[in-house]
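*Asks:* Got a predicted structure plus its sequence, pasted below:
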Amino acid sequence: MSAIKHLQVHQVTADIDSYLIIDVRSEGEFYKAHLPGAINIPILKDEERKIVGTTYKQKGRIEAVRVGLSLVGPHFAEVYDTLRAAIESTDKKIVFYCWRGGLRSHIASTIMAWGGFPIHVLQGGYKSYRNWVHETIAKERKWIVLGGKTGSGKTQILHELKKVGLQIIDLEGLANHKGSTLGGIGFPPQPSTEGFENMLAWELKDFDVNEPVVVENESKRIGACVLPQDLWNQIQGANVIDILTEKESRITRLYQEYAHLPLDELKEQTGKIRKRLGGQNEQAAQVALDSGDFIEWIKILLVYYDKTYTHSQQSEDQKMIPFEWQWKGDLQNIADEELLIELRNFIKNGLKK
């Protein structure tokens, strides 16, 4: 029988590519959120786990363990074969985890150790990973916020800054949502907030805490995903670079982003901001969509979005630092290299020109 070794979470996160990580929690737990790159081979399915949980509440741990074993027992051979196939498909080291590194991890690791496979178990299970996520996100960092009115191209500027060596976090990319009422159109389903936090921590883990990290100006909620309170508090105290771009450029960019999206979804989401647009403006926006006049639709919506951004500037305690930005090319999507370098240096120099 092969020995079972236990690993601390920092050992796994520091060298994750060398491990095949097997999540033996139920399919529902895995779907909600999991370690990066993990595969799911449940020891107990969702319904079975529910039965064990009910037994634990009503009759205690000893009886819950007996019930759990009775549910798993008939499937030992099937679980063994599935785990064996996964293990034999790779030359990576194997790590099992469940919620706390308890019974389910030990069942999986024990039956595979019986087969002579070298096995590792994540000490403390997924819970230890979640603690690591919270600690990673809570670290003090030098946040810089990229602001600007709708259509300024903040997301593209963010990624251009990454190309020239800055640390950036694309919160909207992680959340699969642009943050506005229309922000979910054209994106895949959003992760859970827990999954969003996991991805966020993974992006941050190798960043230099002594160097700035640039993010877009966001609300605390990005669609269904909520920013962690520790991160939100830090961002709220950060300086904001206010990207100033010509309105016509913004309209052109928004046309490119939205004119190809499903018309029924655009109409539905436009209807959701009727109260904020005003009844007549919302009706005019719907007429513009029906006639295919996306430019007019954008102009109507920008009246609302621009007012909202101006109000947010007035109500925030953050220091707003204006930065004039020009896009090159007919498609309005090419960054001026000299301007980009100027912005990068401005950020690296602590927002001092």
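*Replies:* Good, I have the coordinates. Numbering: from 1, shown residues only.
*Asks:* How many residues are close by the nearest residue to Val226 once chain neighbours are set aside?
*Replies:* Spatial nearest neighbour of Val226, chain neighbours left out: Thr193 (5.0 Å); criterion: CB to CB, 6 or more residues apart in numbering. Glycine gets a C-beta too; all of them are placed from N, C-alpha and C. Around Thr193 there are 18 other residues, counting by other CB atoms under 10 Å.
*Asks:* C-terminal to the helix or strand hosting Ala284, what's the next element?
*Replies:* Assessed by DSSP states H and E, Ala284 sits inside helix 279-290. Per DSSP H and E, the first helix or strand lying C-terminal to helix 279-290 is helix 294-315.
*Asks:* tell me which residues of that next one are tucked away?
*Replies:* 294, 297-302, 304-305, 309 (16 or more other CB atoms under 10 Å).
*Asks:* following that helix, which helix or strand shows up next?
*Replies:* strand 320-324.
*Asks:* which other helices and strands contact the helix or strand of the chain with the lowest mean pLDDT?
*Replies:* Using mean pLDDT, DSSP states H and E, the weakest-scoring helix or strand in the chain turns out to be strand 334-335, at a mean of 71. Identification of packing neighbours for strand 334-335 by 3 or more CB pairs under 8 Å, 6 or more residues apart in numbering; DSSP states H and E yields helix 154-163, strand 327-328.
*Asks:* so what pLDDT did the residue nearest to Val226 get?
*Replies:* With respect to pLDDT, Thr193 scores 96.
*Asks:* and what of Met1?
*Replies:* 57.
*Asks:* Give the residue spans of the protein that score low on pLDDT.
*Replies:* 1-2, 311-317, 329-333, 353 (pLDDT under 70).
*Asks:* hang on, Ile168 packs against Glu160?
*Replies:* No - the criterion here is CB atoms under 8 Å, and Ile168 misses it with Glu160 at 9.4 Å.
*Asks:* Need the residues that contact stretch 97-114.
*Replies:* Contacts with stretch 97-114, where a contact means CB atoms under 8 Å, 6 or more residues apart in numbering, come from 1-4, 6, 21-25, 29, 35, 38, 41, 43-44, 65, 68, 72, 76, 79-80, 83-84, 87, 94, 96, 119-129.
*Asks:* Keep only those of those that are in helices.
*Replies:* Within these, residues falling in helices by DSSP state H are 29, 65, 68, 72, 76, 79-80, 83-84, 87, 125-129.
*Asks:* out of those residues, who's nearest Gln11?
*Replies:* Proximity of the ones in helices among the contacts of stretch 97-114 to Gln11 (CB to CB) peaks at Ser128, which lies at 10.9 Å.
*Asks:* Spatially nearest residue to the closest one, not counting backbone neighbours?
*Replies:* Val9 (4.5 Å).
*Asks:* Count the neighbours of the one you found for me.
*Replies:* 23.
*Asks:* you'd agree it is up against His120?
*Replies:* No - with contact defined as CB under 8 Å, Val9 does not reach His120; the gap is 12.0 Å.
*Asks:* Any chance of JSON lines for the buried residues of helix 294-315, columns distance to Phe323?
*Replies:* Shown next, in JSON lines, are the buried residues of helix 294-315 (distance: CB to CB, whole Å):
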{"residue": "Phe294", "distance to Phe323": "28"}
{"residue": "Trp297", "distance to Phe323": "28"}
{"residue": "Ile298", "distance to Phe323": "23"}
{"residue": "Lys299", "distance to Phe323": "25"}
{"residue": "Ile300", "distance to Phe323": "28"}
{"residue": "Leu301", "distance to Phe323": "24"}
{"residue": "Leu302", "distance to Phe323": "20"}
{"residue": "Tyr304", "distance to Phe323": "24"}
{"residue": "Tyr305", "distance to Phe323": "20"}
{"residue": "Tyr309", "distance to Phe323": "15"}
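*Asks:* coming back round to it: neighbour count: Ile168 and Glu160, which is higher?
*Replies:* Ile168 (23 against 20).
*Asks:* For that one, list the residues it contacts.
*Replies:* Contacts of Ile168 by CB under 8 Å, 6+ apart are 158-159, 161-162, 213-215.
*Asks:* Next up, phi/psi of it, please.
*Replies:* Torsion angles at Ile168 (phi, psi; degrees, to the nearest 10) stand at phi -130, psi 150.
*Asks:* Kindly report the same for Ala224.
*Replies:* phi -90, psi -10.
*Asks:* how about the nearest residue to it, chain neighbours excluded?
*Replies:* Spatial nearest neighbour of Ala224, chain neighbours left out: Gln190 (5.0 Å); criterion: CB to CB, 6+ apart.
*Asks:* what helix or strand does that neighbour sit in?
*Replies:* Per DSSP H and E, there is no helix or strand for Gln190.
*Asks:* burial of it, as a residue count?
*Replies:* By other CB under 10 Å, neighbour count at Gln190 equals 17.
*Asks:* what's the answer for Leu182, then?
*Replies:* Leu182 has 23 neighbours, counted by other CB under 10 Å.
*Asks:* Specify the local secondary structure of it.
*Replies:* coil (DSSP: H, G, I helix; E, B strand; the rest coil).
*Asks:* what do you get for the one 3 residues further on?
*Replies:* When the structure is split into helix, strand and coil by three-state DSSP, Ile185 lands in coil.
*Asks:* Now for it: which residues touch it?
*Replies:* 258, 261-262, 265-266, 269.
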